[in-house]
Structures are given as structure tokens and as C-alpha cells.
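Undergrad: Dropping the sequence and predicted coords here.
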Amino acid sequence: MVFGWPRKRRRSRLVAAPFPAAWESFLDRRCSLWGTLPEAERSRLRDDLRILMAEVSWEPCGGLELTEEMRVLVAAQACLLTLGHRVDDLLAVKTILLYPSGYRAPDETMDEAGIVTEEMDDREGEAWDVGTVVLSWEDVQNDARRLDGRNLVLHEFAHQIDLLHRLEFRDPPARGGAAFRRWNAIMHREFAALSSRRRDRVLDAYGAEDEAEFFAVATESFFERPSDLLRVHPELYEALSAYYRQDPAGRR
Ligand SMILES: [Zn+2]
């Protein structure tokens, strides 16, 4: 308790301050998902995003000049994922690296003979092992503008939540019970279906890559195109709604 108290006090001081009007109007203008939220959820998000902004370490890379607005836009979208849970579920993320635009990073591949080659690969974001998220600011901004089912921040933070739950052997709905078995069965079935089709009206084909990518891609559609996902993949929508404890289709 002794250790928890200073953080608790710091947090209450943080959220007791009025939410900056400039941030509010920035989110109104630049974050389409923000516009879909009713006031009760916005109010919760205003608190959570300030906690995330304060408690992770932000590292500008590639000459980026990190601004407050950049941190607000990333944090607002990331915190949307844990609106049905607690913002602490995101705080396994310790560091957010932000690049001005897409960046190049070495990618190691191993061939059948076991020979490893390193090639430079173009990327717009990635989730390393639990703890670090890498984002391109250009893509963060573009994706925040449109509700088209592509959202880099949701994608990368969904990976983090997924990694954390796997590590701790807990998934909402709780691992092991009947609800979890049903959840798992739906996710496997929908992944297998996308893998065999490779095309879908709602889900990006990249979700066929593997089950982790499927979860991240399905998360993007769940928040950005909830009505379409509900219509085309009702079971997947229901599974994600149980996982995130949110009903974004009901907000529209
Ligand atoms: Zn991914």
C-alpha cells in the first residue's frame, strides 16, 4: 500500500486538473474515433489518456520534435482499448518510440538451411516484446482521420494487450472457463476462414498472416467499422465485444 499511495495521489492530482481546451479541440478536429464517443466515455478517456501520457516514456526518433499534441493523439486512441477495463492494462507498455514517418529497420530471416540474413525492411509501426511500441507519426495522423478499419495505434497496442494476456495467462473473458473456450473457438474459426479466403469485405487481408495479426486487424475493424463487422462477422464482433467489454456499434 505504501508504494501504491504516491502514484495514486499523483494520478488524482493529474485528473483533477481541468482537461486542456486545446487538447479537446485538437481531438475534435483530428481524431475521428473521439467523435463517435458519448460524453461518459469521453470523460473517462480524458482521465486515462493523461495517466498514460504521464506514466510511459516517450522517445522521439529520427529527428522528430515531439509535441504534446502527438502524445495526446496516440494516448487517446490507445486508451480506447481499455475503456471497458482499466488503463493499467496498457501500462505494460513502458516506452513509445515515435518516428516522423515510416522507418527502416533490420529484419532477420532464416532460410531452410538455417542461414540467417538481415535485410532492411520498411515499417510504419511495430510492437516489440511487451513494453515497447514503435509508431510513425505520419501514419498515426492519417489513420486517426478516417474510420476505414486501418488504425496503427489500435493495431500496435492490441498486440501489447494480447502479449500481456498471454504472458499472464489471463484473457478477458477469463482463461479456462466455458466463455473463454467459446471465445477461443470463434477466434480460431474466423482466423481460419480469413486465411482460406484471403479477402474480406471488412477485415484487412494482413490478418491472415498469423493469429496475433488477426487479433490486431480484427481490433482495428471492431473500433473503426463496428457496424460493418457486426453485420458481416456477428460472432467475431460478439467475441471482441466480450473481450473489450465495449459495444462500439451501439454508439453510432
Ligand atoms: Zn501487427
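TA: That came in fine, so what should we check first?

Undergrad: Pull the contacting residues for the nearest residue to R145 once chain neighbours are set aside.
TA: Nearest non-adjacent residue to R145, counting by C-beta to C-beta, 6 or more residues apart in numbering: S32, 6.2 Å away. (Each C-beta comes from the backbone N, C-alpha and C, glycine too.) S32 is in contact with 144-147, counting by C-beta atoms under 8 Å, 6 or more residues apart in numbering.

Undergrad: Pick out the most distant pair among these.
TA: A144 and L147 (9.7 Å; C-beta to C-beta).

Undergrad: just to revisit the earlier point, just name the closest of the contacts of S32 to F19, please.
TA: A144 (18.3 Å).

Undergrad: phi, psi of that closest one?
TA: Backbone torsions for A144, taken as degrees, to the nearest 10, come to phi -70, psi -30.

Undergrad: Could you measure from the nearest residue to it once chain neighbours are set aside over to Q141?
TA: Among residues not flanking A144 along the chain, C31 sits closest, at 5.0 Å (C-beta to C-beta, 6+ apart). Using C-beta to C-beta, to the nearest Å, C31 is found at 10 Å from Q141.

Undergrad: quick one: common contacting residues for these two?
TA: In contact with both C31 and Q141: L73, using C-beta under 8 Å, 6+ apart.

Undergrad: out of those two, which sits in the busier spot?
TA: C31 (20 against 16; other C-beta atoms under 10 Å).

Undergrad: Correct me if wrong: that one contacts L73.
TA: Yes: if you go by C-beta atoms under 8 Å, C31 and L73 touch, sitting 6.1 Å apart.

Undergrad: what touches both of the two?
TA: A144.

Undergrad: for the stretch 51-200 of the chain, what spans make up the strands?
TA: For the stretch 51-200 of the chain, the strands defined by DSSP state E, counting those that start in this stretch occupy 57-60, 95-99, 103-110, 116-123, 125-127, 132-136.

Undergrad: which secondary element of the protein has the worst mean pLDDT?
TA: When each helix and strand of the chain is scored by mean pLDDT, DSSP states H and E, strand 125-127 comes last, with a mean of 65.

Undergrad: what bits of the stretch 51-200 of the chain have low per-residue confidence?
TA: Low-confidence segments of the stretch 51-200 of the chain (pLDDT under 70): 103-110, 120-129, 167-175.

Undergrad: Any chance you could list what contacts stretch 214-225?
TA: 33, 80-81, 147-151, 154-156, 158-159, 162, 187, 190-191, 194, 202-204, 206-208, 228-229, 236-237, 240-241, 244, 248.

Undergrad: Show me which residues of the stretch 151-252 of the chain are close to the ion?
TA: By the rule C-beta under 5 Å from the ion, the part of the stretch 151-252 of the chain lying against the ion is 213, 216.

Undergrad: quick revisit: looking at A144 and L147 now, which is surrounded by more residues?
TA: Using other C-beta under 10 Å as the criterion, A144 and L147 rank with A144 on top: 22 against 17.

Undergrad: and that one, what does it touch?
TA: 30-33, 73, 77, 151, 153.

Undergrad: quick one: it and the ion, what's the gap?
TA: 18 Å (C-beta to the ion, to the nearest Å).

Undergrad: Kindly report the same for G84.
TA: 22 Å.

Undergrad: which ones are touching that residue?
TA: 244-246.

Undergrad: Which members of those are positioned in helices?
TA: Y244 (DSSP state H).

Undergrad: Now that we have the contacts of G84, which of them are buried?
TA: For the contacts of G84, a burial check counting by 16 or more other C-beta atoms under 10 Å picks out 244, 246.

Undergrad: where exactly do the helices run in the stretch 151-252 of the chain?
TA: For the stretch 151-252 of the chain, helices defined by DSSP state H, counting those that start in this stretch occupy the ranges 152-167, 178-197, 211-224, 226-232, 234-244.
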